[in-house]
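Undergrad: what follows is a protein structure lacking sequence information:
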């Protein structure tokens, strides 16, 4: 078995990626909404998003709505594939025979 992805394995980043992967049709979410959903500070979320973005797992896009700047966050296809690999590895650790109870 290969090593668990260290970028995703950190608890806060796992929560971010899992939340984004659960979005319908890989939709984006605003930064404040994600922050509230995860109950993280803006600085903490920003730090983890930067690490995920550097790995190519998430994308942030900034726009103006009315006169207000808005940041949207979404998982990338690379990030979704990495999350699926990660969850498959976790499942194999839990049940190495591949049998379900």
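TA: Nice, thanks for sending it over. A quick note: this is a predicted structure, and the numbers were derived from the prediction, not measured.

Undergrad: pull the longest helix from the chain.
TA: Criterion DSSP state H: the longest helix present in the chain is helix 77-94.

Undergrad: so which elements touch that one?
TA: Counting contacts by 3 or more Cβ pairs under 8 Å, 6 or more residues apart in numbering; DSSP states H and E, helix 77-94 packs against helix 6-9, helix 11-21. Every residue, glycine included, has its C-beta placed from N, CA and C.

Undergrad: hey, which of those is tucked in deepest?
TA: The highest mean neighbour count among the helices and strands packed on helix 77-94, using mean count of other Cβ atoms under 10 Å, belongs to helix 11-21: a mean of 19.

Undergrad: tilt between that helix and helix 77-94?
TA: Orientation of helix 11-21 against helix 77-94 (axes from the mean of the first three to the mean of the last three Cα atoms, to 10 degrees) gives an angle of 120 degrees.

Undergrad: return the distance of helix 11-21 from the chain's centre.
TA: 4 Å (Cα atoms, centre = their mean, to the nearest Å).

Undergrad: quick one: contacts of that helix?
TA: By Cβ atoms under 8 Å, 6 or more residues apart in numbering, the surrounding residues in contact with helix 11-21 are 7-8, 26, 29, 34, 37-38, 40, 44-45, 48-49, 51-52, 57-58, 73-75, 79-80, 82-83, 86.

Undergrad: for the helices and strands packed on helix 77-94, give me JSON lines that also has distance to residue 66.
TA: Shown next, in JSON lines, are the helices and strands packed on helix 77-94 (distance: least, Cβ to Cβ, whole Å):
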{"stretch": "helix 6-9", "distance to residue 66": "35"}
{"stretch": "helix 11-21", "distance to residue 66": "25"}
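
Undergrad: adding mean pLDDT, write the ones you listed out as CSV.
TA: CSV is the format used below for these (pLDDT from 0 to 100):
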stretch, mean pLDDT
helix 6-9, 96
helix 11-21, 97
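
Undergrad: rewinding a little: now, the contacts of helix 11-21 that are in strands?
TA: Counting by DSSP state E, the members of these that fall within strands are 29, 58, 73, 74, 75.
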